[in-house]
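A.B. asks: got a predicted structure plus its sequence, pasted below:
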Amino acid sequence: MLNKSSIPNLFTFANLFCGFISLGLSADGEFKNAAILVIIGMIFDSMDGRMARILKVSSNVGLELDSLADVVTFGVAPAMLAYHIWFQQFELIGLMFTGLFPLFGAYRLARFNMTASKKSASHFIGVPIPAAGGFVLLLVLFHKSIPGFVVAIVLIGLCFLMISKIKIPSFKNVHILKSGTIITILIICSTYVVITTQHKHFPYLIFVAIPMYFIFIVYQIMRKRKLRGK
């Protein structure tokens, strides 16, 4: 029988699975659908912590598992997308360059876990890896109009921002808009559909990501009203 404390981990596993499938799609050249899968992973990532708080359960296993999933989905998967789209022509050098992104992200997560008990609810130290990975996804979605040298500069900048001491506002206490990154990406994706006539060429997985997030929003609204009624 499923233990209550294991329920948040199911969302973390779903996040990790999305990252793995994204890697496969990326290797097959389905770059936009690979990017959308990472966005779906973001949705699962935003839900596991909330489920833990709703159920009032937490564990060191859950914290470490979440970090491992984040490295794959928001570190390795976006880096491989960048490699296949912009840097594959440089072969090993290109692979080593894009590999820096998940390395810096992993270090940022390790530092975060070490200070987890002391962390502030109002801000993060350094750019979180989901936000950094989300920014790379924006480049992927419009990769045909973005040159490789711009991507290289962005990747280097994001690497150092992740391990920086800059304070980044946290949205943990916001009931619906937990991650501005998710909303920004979904709005841009929706705008892309509206302003282009090539709807058939738009990544089909966006039609999974958007309903999932809006269902999550409706759930949060209903839960909030229920709590107020008590």
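C.D. replies: Thanks, I have the structure now.
A.B. asks: check the secondary structure at Phe124 for me.
C.D. replies: Of the three states, Phe124 takes strand under DSSP: H, G, I helix; E, B strand; the rest coil.
A.B. asks: what's the burial count for it?
C.D. replies: Phe124 has 18 neighbours, counted by other CB atoms under 10 Å. In short, each C-beta sits where N, CA and C put it, glycine included.
A.B. asks: find the residue closest to it in space, skipping its chain neighbours.
C.D. replies: What sits nearest to Phe124 in space, not counting adjacent residues and going by CB to CB, 6 or more residues apart in numbering, is Ile168, at 4.5 Å.
A.B. asks: mind checking how far that neighbour is from Leu161?
C.D. replies: Ile168 is 9 Å from Leu161, where distance means CB to CB, to the nearest Å.
A.B. asks: ranges for the helices of the chain?
C.D. replies: Using DSSP state H, the helices of the chain run over residues 7-27, 31-55, 60-70, 77-82, 91-114, 129-141, 148-162, 180-195, 206-229.
A.B. asks: deepest of those helices, which one?
C.D. replies: Of all the helices of the chain, helix 77-82 has the most neighbours on average by mean count of other CB atoms under 10 Å, namely a mean of 27.
A.B. asks: give me the pLDDT for the closest residue in space to Phe90 that isn't next to it in sequence.
C.D. replies: Leaving aside its chain neighbours, Phe90 sits nearest to Phe97 (7.4 Å; criterion: CB to CB, 6+ apart). Listed pLDDT for Phe97 reads 97.
A.B. asks: and Arg228, by the same measure?
C.D. replies: 65.
A.B. asks: same thing with Leu63?
C.D. replies: The model reports Leu63 with a pLDDT of 81.
A.B. asks: quick one: it and Thr115 touch, right?
C.D. replies: No. Counting by CB atoms under 8 Å, Leu63 stays clear of Thr115, with 11.9 Å between them.
A.B. asks: and Ser164, how many neighbours?
C.D. replies: 13.
A.B. asks: just checking, it touches Val127?
C.D. replies: Yes. Using CB under 8 Å, Ser164 makes contact with Val127 at a distance of 7.3 Å.
A.B. asks: the residue nearest to Phe124 and Arg50, how far apart?
C.D. replies: With distances taken as CB to CB, Ile168 is found 19 Å from Arg50.
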